[in-house]
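Novice: From the sequence below, what's the structure:
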Amino acid sequence: MCRSISIDEFLERAKETPVVDVRSPAEFAQGHIPGAHNLPLFDNEERAEVGTLYVQKGKIQAVQKGLEIVGPKMRRLTDFAINLKSAQLLLYCWRGGKRSAAMAWLLETVGISCLTLEQGYKVYRNHVLEWFAKPLKIVLLGGFTGGGKTEILHALHVAGEQVLDLEALANHKGSAFGGIGQAPQPTTEQFENLIYAKIISLDPAKRIWIEDESRNVGKCSIPIQLWDQMRHAPLLCVVTHKSDRIMHLMHNYAYFDRKLLCAAIQKIEKRLGFDRCKAAITACETGDIQAALEICLDYYDKAYTNQLFERFGQEWESILPQFTPHFPLDSGQIQHLISLTI
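Specialist: Residues are numbered from 1 along each chain as shown. Sure thing, here's the model as predicted:
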């Protein structure tokens, strides 16, 4: 017989035991425990139908409809679980536990032991959001667009430093061009879940490198508690010559379809101004990607400079430690970078 367990025990067991989310595909897409398998008891339409019956006709008719829906699926559901090749599974639904309990009963009939999450996914979300209030030893890696900050973060990781790559988790590089060539972004809810899953794998007593981001990374928002910590964290500024930054951006974006690049430029028309936006799009359409990037970079440079002024005053260049990378990076450069934070 299955039993419900606390969120702490659930997450501890999840390190070695497969996790199964029995909610609908739409619920799963909105947000789920990272690494969980989706084995929905009902699809999106079926869940809506059962829920409507529960409200309009009551529990008994809703349960009977649920049994009618699930009956033909039983073999497929058990086959999926058996193929996970685990003698035990951890199950969760939204909050009430009815769906996870029903799935546990079914899977236990084929010999799979099941544990369910007490209070379901809702308690997991509360756990995640509360966790972001815990203090972290953050070091921000800042600098102007195209300066190679992502490459530096990767090099820091290789050198054994702790890194939280928010852009990788958000599937977005931050600028108007940041979504080009990337997988679809997660929801903000799932972005938060992914950040939590990454941070708990790190040692909070040691520094964690994070790129200096805007609150929004594409359509994903950084959790406000983490954002507040980032705004008060020490900032190290990467300083790279503008011509090198343009070449770096050319390497990253010039091979993409011009229509995608033009669409990205169009997104910042209000900030560029009509004339400069038109000039950038015309340059892009005629194949002069470098000229288009130069126009856009002027905007991003001014915007980031204004941010630094607001946070550190007019003397930010003399206040902030600076690092000038030379690519490809070597261990000596990375050790020098690390020394600037000590």
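
Novice: Pull out the buried positions in stretch 139-159.
Specialist: Buried residues in stretch 139-159, counted by 16 or more other Cβ atoms under 10 Å: 139-150, 152-153, 155-156. Where you see a C-beta, it was placed from the backbone N, CA and C, and this is true even at glycine.

Novice: Ok, stretch 303-318 next?
Specialist: 304, 308, 316.

Novice: and the first one, what element?
Specialist: Tyr304 belongs to helix 289-312 when elements are defined using DSSP states H and E.

Novice: what does the average pLDDT come to for that helix?
Specialist: Across helix 289-312, pLDDT averages out at 93.

Novice: Which secondary structure elements does it sit against?
Specialist: With contacts defined as 3 or more Cβ pairs under 8 Å, 6 or more residues apart in numbering; DSSP states H and E, helix 289-312 has these neighbours: strand 235-238, helix 242-253, helix 258-267, helix 269-272, helix 274-285, helix 316-319.

Novice: Return the angle between stretch directions for the fifth one and helix 289-312.
Specialist: Spelled out, it's helix 274-285. Calculated by axes from the mean of the first three to the mean of the last three Cα atoms, to 10 degrees, helix 274-285 forms an angle of 140 degrees with helix 289-312.

Novice: Double-check that Ala101 belongs to a helix.
Specialist: Yes. Counting by DSSP: H, G, I helix; E, B strand; the rest coil, Ala101 falls inside a helix.

Novice: Tell me, how many residues neighbour it?
Specialist: When neighbours are counted by other Cβ atoms under 10 Å, Ala101 registers 17.

Novice: Surely it and Thr116 touch.
Specialist: Yes. In terms of Cβ atoms under 8 Å, Ala101 counts as a neighbour of Thr116; the distance is 6.3 Å.

Novice: and the buried residues of stretch 139-159, which two are the farthest apart?
Specialist: Distances among these were taken as Cβ to Cβ; the most separated pair is Val139 and Gly146, at 21.0 Å.

Novice: one step back: adding distance to Ala36 and mean pLDDT, write the helices and strands packed on helix 289-312 out as a markdown table.
Specialist: What follows is those, written out as a markdown table (distance: least, Cβ to Cβ, whole Å; pLDDT from 0 to 100):
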| stretch | distance to Ala36 | mean pLDDT |
| --- | --- | --- |
| strand 235-238 | 36 | 97 |
| helix 242-253 | 33 | 91 |
| helix 258-267 | 33 | 94 |
| helix 269-272 | 39 | 92 |
| helix 274-285 | 41 | 95 |
| helix 316-319 | 43 | 92 |
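
Novice: Out of these, which is closest to Leu337?
Specialist: Closest among those, once you apply Cβ to Cβ, is strand 235-238, at 7.3 Å.

Novice: CA-only coordinates of the closest one, as PDB, when you get a sec.
Specialist: The C-alpha coordinates for strand 235-238 follow below in PDB (Å, rounded to 0.1, in the frame of the first residue of the first chain):
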ATOM      1  CA  LEU A 235      30.100  43.000  -9.900                       C
ATOM      2  CA  LEU A 236      33.200  42.300 -12.000                       C
ATOM      3  CA  CYS A 237      33.100  44.000 -15.400                       C
ATOM      4  CA  VAL A 238      34.400  42.300 -18.500                       C
END
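
Novice: who are the neighbours of that strand, in terms of helices and strands?
Specialist: Using 3+ Cβ pairs under 8 Å, 6+ apart, the elements in contact with strand 235-238 are strand 137-143, helix 289-312, strand 322-323.

Novice: what's the angle from the longest one to helix 258-267?
Specialist: The reference is to helix 289-312. 30 degrees.

Novice: Pull the residues that contact helix 289-312.
Specialist: With contacts defined as Cβ atoms under 8 Å, 6 or more residues apart in numbering, helix 289-312 is touched by 142, 144-146, 175-177, 231, 235, 237, 242, 245-246, 249-250, 253-254, 258, 261, 265, 268, 271-272, 276, 279-281, 283-284, 316, 319-320.

Novice: out of those residues, which are buried?
Specialist: Among the contacts of helix 289-312, those classed as buried by 16+ other Cβ under 10 Å are 142, 144-146, 175-177, 235, 237, 245-246, 249, 253, 261, 265, 268, 272, 276, 279-281, 283-284, 316, 320.

Novice: for stretch 206-221, how far is the first residue from the last?
Specialist: Criterion Cα to Cα, to the nearest Å; first-to-last residue distance in stretch 206-221 is 25 Å.

Novice: Of all the residues in it, which ones are buried?
Specialist: Quick answer for stretch 206-221 (16+ other Cβ under 10 Å): 207-213, 217-218, 220-221.

Novice: Among these, which one lies nearest to Gln182?
Specialist: Taking those together and measuring to Gln182 by Cβ to Cβ, the closest member is Gly218, at 8.3 Å.

Novice: How about the closest one, nearest residue that isn't a chain neighbour?
Specialist: Residue nearest to Gly218 in three dimensions, not counting chain neighbours: His172, with 3.3 Å by Cβ to Cβ, 6 or more residues apart in numbering.

Novice: what about the one you found, neighbour count?
Specialist: Neighbours of His172 (other Cβ under 10 Å): 25.

Novice: Do you know the pLDDT at it?
Specialist: Reading off the model, His172 has pLDDT 96.
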